[in-house]
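here are the coordinates; sequence isn't available:
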């Protein structure tokens with residue numbers, strides 16, 4: 001085999017369990033071919049498990065070492081990473097939790113996993129200089145209705161309907177967790193980053209709808225649809241102050 005073929009065969013063995021590479025590996029008296037290859041296949045899964053442990057510390061605390069370990073091992077061995085960076089691996093864990101656990105525990109733990117995964121994405125998102133209030137003040141009044149605002153990359157919205165955030169807070173503070181997983185009224189949360197600090201808060205229904213329109217690239221006139229003018233102004237001012245807006249333009253519809 002040529003080098004590229006060897007690399008692909010080795011990757012196929014680690015990720016898919018295929019054995020074409022075995023013919024190219026030399027065994028020894030101490031370690032046969034299968035044992036030598038197993039070191040790499042097993043080591044790869046262990047690195048994925050280690051990465052998941054760092055990404056989901058609150059989930060680990062909430063579920064306990066045994067249950068969490070079984071879940072991440074199931075994911076690592078059953079669904080190897082397809083990403084160049086291990087930091088991008090883990091998005092499938094909430095769905096796996098929903099399949100493997102039962103009842104309200106499955107629902108709450110799955111939401112906790114989504115919450116932690118979203119926070120990790122916020123932390124790793126690209127930097128972007130936020131729009132300043134002075135930049136908006138320079139916009140002529142006749143352009144405002146057609147302005148489109150681009151959110152910063154480190155902004156995420158997460159909908160939850162359990163007390164998953166309570167479990168997350170307890171784990172972060174190393175305090176006593178809630179007595180049980182339970183359903184709550186649906187809450188739309190926003191997460192963002194300023195420098196290296198992570199922030200989050202719940203969104204009111206009208207703000208959530210307006211922010212969704214903004215993220216979809218709709219005009220400021222559409223974002224303000226259904227809002228009182230004063231409320232729209234207050235929301236926009238708050239978004240700018242929090243550093244959620246990366247830029248504004250008055251382009252035509254796509």
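Cool, the structure landed. This one's a predicted model, so the numbers in the text were calculated from it and none came from an experiment.

What helix or strand is residue 69 located in?
helix 65-78 (DSSP states H and E).

And residue 247, by the same measure?
Residue 247 belongs to strand 245-249, assigned by DSSP H and E.

just residue 90 next, same as before
Here residue 90 sits in a region with no helix or strand, counting by DSSP H and E.

Now it: closest residue in space that isn't a chain neighbour?
residue 55 (5.1 Å; Cβ to Cβ, 6 or more residues apart in numbering). In short, each C-beta sits where N, CA and C put it, glycine included.

where along this structure do the helices fall?
3-16, 33-55, 57-63, 65-78, 93-100, 103-124, 133-137, 164-172, 205-215, 220-223, 229-242 (DSSP state H).

Which among the ones you listed is found nearest to residue 149?
helix 205-215 (5.2 Å; Cβ to Cβ).

What residues sit buried inside the closest one?
207, 208, 209, 210, 211, 213, 214, 215 (16 or more other Cβ atoms under 10 Å).

In space, what's closest to residue 116 - neighbours in sequence excluded?
Closest to residue 116 by Cβ to Cβ, 6+ apart is residue 56, at 5.0 Å.

I'd like to know how far the one you found sits from residue 167.
Distance, residue 56 to residue 167, by Cβ to Cβ, to the nearest Å: 12 Å.

and what of residue 143?
In terms of Cβ to Cβ, residue 143 sits 46 Å off from residue 167.

With residue 195 instead?
With Cβ to Cβ as the criterion, residue 195 and residue 167 are 27 Å apart.

the more surrounded of those two?
residue 167 (23 against 6; other Cβ atoms under 10 Å).

May I have the residues that are in contact with that one?
For residue 167, the contacting residues are 58, 62, 108, 112, 177, 178, 181, by Cβ atoms under 8 Å, 6 or more residues apart in numbering.

residue contacts, the fourth one?
With contacts taken as Cβ under 8 Å, 6+ apart, residue 112 has the following neighbours: 58, 59, 62, 164, 167, 168.

out of those residues, which one sits closest to residue 223?
So of the contacts of residue 112, ranked by how close each gets to residue 223 (Cβ to Cβ), first place is residue 164, at 28.7 Å.

my guess is the closest one contacts residue 117, does it?
No - in this structure residue 164 lies outside contact range of residue 117 using Cβ atoms under 8 Å: 11.8 Å.

more neighbours, these two?
residue 164 (27 against 20).

wait, what's in contact with the more buried one?
108, 109, 111, 112, 114, 115.

Could you report the separation of the third one from residue 142?
Going from residue 111 to residue 142 by Cβ to Cβ gives 45 Å.

okay, those two: which has more neighbours?
Per other Cβ under 10 Å, whichever of residue 111 and residue 142 has more neighbours is residue 111, with 25 against 8.

what about the longest strand in this structure?
What stands out as the longest strand in the chain, according to DSSP state E, is strand 183-194.

Provide the contact partners of that strand at residue level.
Contacts with strand 183-194, where a contact means Cβ under 8 Å, 6+ apart, come from 104, 107, 115, 118-119, 122-123, 125, 152, 154-163, 165, 198-203, 205, 208, 211, 242-244.

Taking these, please make a PyMOL selection of just the buried ones.
In PyMOL, a selection of the buried entries from the contacts of strand 183-194 looks like this (16+ other Cβ under 10 Å):
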select buried, resi 107+115+118+119+122+152+154+155+156+157+158+160+162+163+165+200+203+208+211+242+243+244
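
Tell me the buried residues in the longest strand of the chain?
188, 189, 190, 191, 192, 193.

Among the residues you listed, pick out the one closest to residue 69, please.
Proximity of those to residue 69 (Cβ to Cβ) peaks at residue 191, which lies at 26.8 Å.

Fine by me, we can end here.
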